[in-house]
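> turn this into a model:
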Amino acid sequence: MASQLNPAWQRKSASSSHLAKISARFLSEGPQGGQQSELCQVIPFLLEHPDQNWITRDLCQVLGTRGHQSALCHLDETSGTNANDLQKQIRARCNEYELCLVPTTSPLSIRRFEFDHVVLFVNASLDGILAAYQQIKYLAQAHKPAIGIAIVGARDQHAAWRHFRKLAVGSLRYLDVPLLNLGFLPEQVVPGNGAPDHHRENYLARISERLVRSGFHCSIETAPGDQQPA
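Numbering: from 1, shown residues only. Below is the predicted model of the structure:
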(Lines give C-alpha, C1' and ligand atoms only; values in the text may rest on other atoms or scores of the structure.)
Protein backbone atom coordinates (compact mmCIF):
# COMPACT_ATOMS: atom_id res chain seq x y z
CA MET A 1 0.00 0.00 0.00
CA ALA A 2 1.51 3.31 -1.08
CA SER A 3 2.20 5.90 1.60
CA GLN A 4 0.10 9.05 1.63
CA LEU A 5 2.93 11.24 2.91
CA ASN A 6 3.82 14.51 1.24
CA PRO A 7 6.27 13.31 -1.46
CA ALA A 8 8.60 16.22 -0.69
CA TRP A 9 9.73 14.46 2.49
CA GLN A 10 11.48 11.37 1.12
CA ARG A 11 12.76 8.65 3.39
CA LYS A 12 16.34 7.59 2.93
CA SER A 13 17.52 4.00 3.48
CA ALA A 14 19.43 3.57 6.73
CA SER A 15 22.39 1.54 7.88
CA SER A 16 20.75 0.56 11.17
CA SER A 17 18.89 -2.74 10.88
CA HIS A 18 16.18 -1.45 13.20
CA LEU A 19 15.72 1.72 11.17
CA ALA A 20 15.78 -0.30 7.94
CA LYS A 21 12.69 -2.15 9.17
CA ILE A 22 11.00 1.14 9.91
CA SER A 23 11.96 2.53 6.51
CA ALA A 24 10.64 -0.56 4.73
CA ARG A 25 7.33 -0.15 6.48
CA PHE A 26 6.87 3.59 6.16
CA LEU A 27 8.79 4.28 2.93
CA SER A 28 7.35 7.30 1.14
CA GLU A 29 7.41 7.53 -2.62
CA GLY A 30 9.42 10.38 -4.07
CA PRO A 31 9.42 11.98 -7.52
CA GLN A 32 10.73 9.73 -10.24
CA GLY A 33 12.64 10.59 -13.35
CA GLY A 34 16.09 11.12 -14.72
CA GLN A 35 16.54 14.75 -13.66
CA GLN A 36 19.65 15.19 -11.54
CA SER A 37 18.95 16.69 -8.14
CA GLU A 38 20.38 16.84 -4.66
CA LEU A 39 18.84 16.01 -1.30
CA CYS A 40 18.83 18.32 1.68
CA GLN A 41 18.75 16.46 4.98
CA VAL A 42 16.19 17.67 7.52
CA ILE A 43 15.91 16.49 11.13
CA PRO A 44 12.70 17.55 12.93
CA PHE A 45 12.79 17.62 16.75
CA LEU A 46 9.66 17.54 18.89
CA LEU A 47 10.52 19.19 22.21
CA GLU A 48 8.41 18.68 25.31
CA HIS A 49 8.97 22.29 26.41
CA PRO A 50 10.77 25.42 25.10
CA ASP A 51 13.30 24.95 27.93
CA GLN A 52 14.76 22.11 25.82
CA ASN A 53 15.80 24.50 23.05
CA TRP A 54 19.35 24.39 24.41
CA ILE A 55 19.61 20.79 23.22
CA THR A 56 19.02 21.50 19.54
CA ARG A 57 21.16 24.64 19.73
CA ASP A 58 24.11 22.77 21.24
CA LEU A 59 23.54 19.73 19.02
CA CYS A 60 23.72 21.97 15.95
CA GLN A 61 27.10 23.28 17.14
CA VAL A 62 28.41 19.79 17.89
CA LEU A 63 27.42 18.55 14.43
CA GLY A 64 29.34 21.47 12.94
CA THR A 65 32.49 20.68 14.90
CA ARG A 66 32.28 17.08 13.66
CA GLY A 67 32.24 18.10 10.01
CA HIS A 68 28.48 18.27 9.39
CA GLN A 69 27.60 21.86 8.60
CA SER A 70 24.24 22.39 10.27
CA ALA A 71 21.71 25.15 10.78
CA LEU A 72 18.59 25.63 12.89
CA CYS A 73 15.43 26.26 10.89
CA HIS A 74 12.69 27.41 13.27
CA LEU A 75 9.07 27.05 12.26
CA ASP A 76 6.90 30.16 12.35
CA GLU A 77 4.05 28.41 14.14
CA THR A 78 2.07 31.61 14.66
CA SER A 79 1.54 32.16 10.95
CA GLY A 80 -0.01 30.21 8.12
CA THR A 81 3.30 28.75 6.97
CA ASN A 82 2.60 25.67 4.87
CA ALA A 83 4.74 22.78 3.73
CA ASN A 84 5.76 24.51 0.49
CA ASP A 85 6.88 27.63 2.37
CA LEU A 86 8.94 25.52 4.74
CA GLN A 87 10.52 23.65 1.83
CA LYS A 88 11.58 26.97 0.28
CA GLN A 89 13.17 28.07 3.56
CA ILE A 90 15.05 24.81 3.87
CA ARG A 91 16.16 24.82 0.22
CA ALA A 92 17.70 28.24 0.83
CA ARG A 93 19.70 26.77 3.72
CA CYS A 94 20.76 23.82 1.56
CA ASN A 95 23.04 26.14 -0.38
CA GLU A 96 25.31 26.39 2.66
CA TYR A 97 24.49 23.56 5.05
CA GLU A 98 24.37 19.78 5.02
CA LEU A 99 21.73 19.45 7.74
CA CYS A 100 18.73 21.54 8.77
CA LEU A 101 17.54 20.98 12.33
CA VAL A 102 13.87 21.88 12.78
CA PRO A 103 12.84 22.16 16.45
CA THR A 104 9.21 22.54 17.50
CA THR A 105 7.10 22.04 20.61
CA SER A 106 3.97 21.34 18.57
CA PRO A 107 2.96 17.79 17.58
CA LEU A 108 0.41 19.47 15.30
CA SER A 109 3.26 21.00 13.27
CA ILE A 110 4.89 17.59 12.83
CA ARG A 111 1.61 16.27 11.46
CA ARG A 112 0.87 19.36 9.39
CA PHE A 113 4.23 19.23 7.58
CA GLU A 114 4.00 15.41 7.30
CA PHE A 115 7.58 14.79 8.40
CA ASP A 116 8.40 11.10 8.01
CA HIS A 117 11.09 11.18 10.74
CA VAL A 118 11.03 12.97 14.07
CA VAL A 119 13.22 12.96 17.19
CA LEU A 120 11.61 13.26 20.63
CA PHE A 121 13.61 14.46 23.64
CA VAL A 122 11.94 12.72 26.59
CA ASN A 123 12.42 13.78 30.21
CA ALA A 124 13.56 10.92 32.44
CA SER A 125 10.49 10.78 34.67
CA LEU A 126 7.13 9.06 34.75
CA ASP A 127 5.47 12.30 33.64
CA GLY A 128 7.97 12.61 30.81
CA ILE A 129 7.28 9.06 29.62
CA LEU A 130 3.51 9.60 29.76
CA ALA A 131 3.78 12.89 27.88
CA ALA A 132 5.94 11.27 25.19
CA TYR A 133 3.51 8.37 24.86
CA GLN A 134 0.66 10.82 24.25
CA GLN A 135 2.71 12.63 21.61
CA ILE A 136 3.53 9.34 19.87
CA LYS A 137 -0.13 8.31 20.01
CA TYR A 138 -1.14 11.62 18.42
CA LEU A 139 1.46 11.30 15.65
CA ALA A 140 0.48 7.68 14.98
CA GLN A 141 -3.08 8.76 14.21
CA ALA A 142 -1.80 10.42 11.04
CA HIS A 143 1.08 9.12 8.94
CA LYS A 144 3.15 7.23 11.55
CA PRO A 145 6.59 8.83 11.15
CA ALA A 146 9.70 6.94 12.17
CA ILE A 147 10.40 8.10 15.73
CA GLY A 148 13.75 8.39 17.48
CA ILE A 149 14.03 8.86 21.25
CA ALA A 150 16.71 10.58 23.35
CA ILE A 151 16.22 10.49 27.12
CA VAL A 152 17.06 13.71 28.98
CA GLY A 153 18.03 13.98 32.64
CA ALA A 154 18.57 10.30 33.48
CA ARG A 155 20.75 9.43 36.48
CA ASP A 156 22.94 7.12 34.41
CA GLN A 157 22.91 4.86 31.35
CA HIS A 158 20.97 2.09 33.09
CA ALA A 159 18.25 4.52 34.20
CA ALA A 160 18.05 5.94 30.67
CA TRP A 161 17.64 2.45 29.24
CA ARG A 162 14.84 1.63 31.69
CA HIS A 163 12.96 4.77 30.72
CA PHE A 164 13.44 4.10 27.01
CA ARG A 165 12.38 0.46 27.37
CA LYS A 166 9.22 1.40 29.25
CA LEU A 167 8.23 3.84 26.51
CA ALA A 168 9.30 1.55 23.64
CA VAL A 169 7.38 -1.47 24.96
CA GLY A 170 4.17 0.51 25.46
CA SER A 171 4.50 2.24 22.10
CA LEU A 172 5.02 -1.03 20.22
CA ARG A 173 2.41 -3.02 22.13
CA TYR A 174 -0.44 -0.53 22.11
CA LEU A 175 0.32 1.73 19.14
CA ASP A 176 2.31 -0.61 16.87
CA VAL A 177 5.01 2.07 16.64
CA PRO A 178 8.67 0.95 17.00
CA LEU A 179 11.11 3.45 18.48
CA LEU A 180 14.80 4.01 17.76
CA ASN A 181 17.09 4.60 20.76
CA LEU A 182 19.32 7.60 19.97
CA GLY A 183 21.02 7.84 23.35
CA PHE A 184 20.64 9.99 26.44
CA LEU A 185 21.77 13.12 28.26
CA PRO A 186 22.43 12.53 31.97
CA GLU A 187 21.15 14.94 34.59
CA GLN A 188 24.72 16.11 35.24
CA VAL A 189 24.98 17.79 31.83
CA VAL A 190 21.67 19.67 31.99
CA PRO A 191 22.40 23.43 32.19
CA GLY A 192 22.50 24.66 35.75
CA ASN A 193 24.02 21.48 37.16
CA GLY A 194 27.58 22.71 36.79
CA ALA A 195 28.95 20.17 34.30
CA PRO A 196 31.84 21.33 32.06
CA ASP A 197 30.81 22.15 28.50
CA HIS A 198 33.03 19.42 27.06
CA HIS A 199 31.20 16.81 29.17
CA ARG A 200 27.87 17.86 27.67
CA GLU A 201 29.40 17.90 24.19
CA ASN A 202 30.56 14.29 24.58
CA TYR A 203 27.00 13.06 25.09
CA LEU A 204 25.62 15.28 22.34
CA ALA A 205 28.32 13.95 20.02
CA ARG A 206 27.12 10.38 20.62
CA ILE A 207 23.57 11.38 19.73
CA SER A 208 24.78 13.24 16.65
CA GLU A 209 26.74 10.22 15.42
CA ARG A 210 23.73 7.94 15.83
CA LEU A 211 21.61 10.38 13.85
CA VAL A 212 24.13 10.64 11.03
CA ARG A 213 25.14 6.98 10.85
CA SER A 214 21.57 5.70 10.90
CA GLY A 215 20.44 8.20 8.26
CA PHE A 216 17.68 9.32 10.59
CA HIS A 217 16.37 12.33 8.69
CA CYS A 218 13.83 13.50 6.17
CA SER A 219 15.12 14.45 2.73
CA ILE A 220 13.89 17.34 0.65
CA GLU A 221 14.65 17.17 -3.06
CA THR A 222 16.18 20.25 -4.59
CA ALA A 223 16.24 21.01 -8.29
CA PRO A 224 19.63 21.83 -9.86
CA GLY A 225 18.62 25.47 -10.09
CA ASP A 226 18.25 25.66 -6.31
CA GLN A 227 21.94 24.96 -5.75
CA GLN A 228 24.63 27.63 -5.80
CA PRO A 229 27.45 27.02 -8.28
CA ALA A 230 30.62 25.65 -6.71
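> so what touches stretch 156-176?
Here stretch 156-176 makes contact (CB atoms under 8 Å, 6 or more residues apart in numbering) with 122, 124, 128-129, 132-133, 136-137, 140, 147, 149, 151, 154, 177-179, 181, 183-184, 186. Quick note: C-beta positions are derived from backbone N, CA and C, even for glycine.
> filter these down to the ones in helices?
G128, I129, A132, Y133, I136, K137, A140 (DSSP state H).
> ranking those by neighbours, who comes first?
Neighbour tally across these (other CB atoms under 10 Å): the maximum, 27 neighbours, falls on I136.
> pretty sure that residue contacts I129?
No - with contact defined as CB atoms under 8 Å, I136 and I129 do not form a contacting pair (10.5 Å).
> can you show me the strands along the chain?
9-11, 38-46, 70-72, 99-104, 117-123, 146-154, 179-186, 218-222 (DSSP state E).
> now this structure, which segments are flagged as low pLDDT?
Along the chain, the model assigns pLDDT under 70 to residues 1-38, 76-83, 193-196, 221-230.
> between the strands of the chain, which one is nearest to Q87?
Nearest of these to Q87, taken as CB to CB: strand 218-222 at 5.7 Å.
> list the contacts for T65?
T65 touches E201, counting by CB under 8 Å, 6+ apart.
> go again using 10 Å as the cut-off
Residues in contact with T65, defined by CB atoms under 10 Å, 6 or more residues apart in numbering, are E201, L204, A205, S208.
> got it, and F45?
Taking CB under 10 Å, 6+ apart as the test, what F45 contacts is 52-53, 55-56, 59, 72, 101-105, 110, 118-121, 148, 150.
> is it in a bridge, and if so with what?
P103, V119 (DSSP bridges).
> and it, how far is that from I129?
For F45, the distance to I129 (CB to CB, to the nearest Å) stands at 18 Å.
> possible to save the strands of the chain as TSV with distance to G170?
Conversion of those to TSV gives the following (distance: least, CB to CB, whole Å):
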stretch	distance to G170
strand 9-11	25
strand 38-46	17
strand 70-72	31
strand 99-104	23
strand 117-123	12
strand 146-154	12
strand 179-186	10
strand 218-222	25
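> rewinding a little: for the contacts of T65, pick the one with the most neighbours.
Going by other CB under 10 Å, S208 tops these with 25 neighbours.
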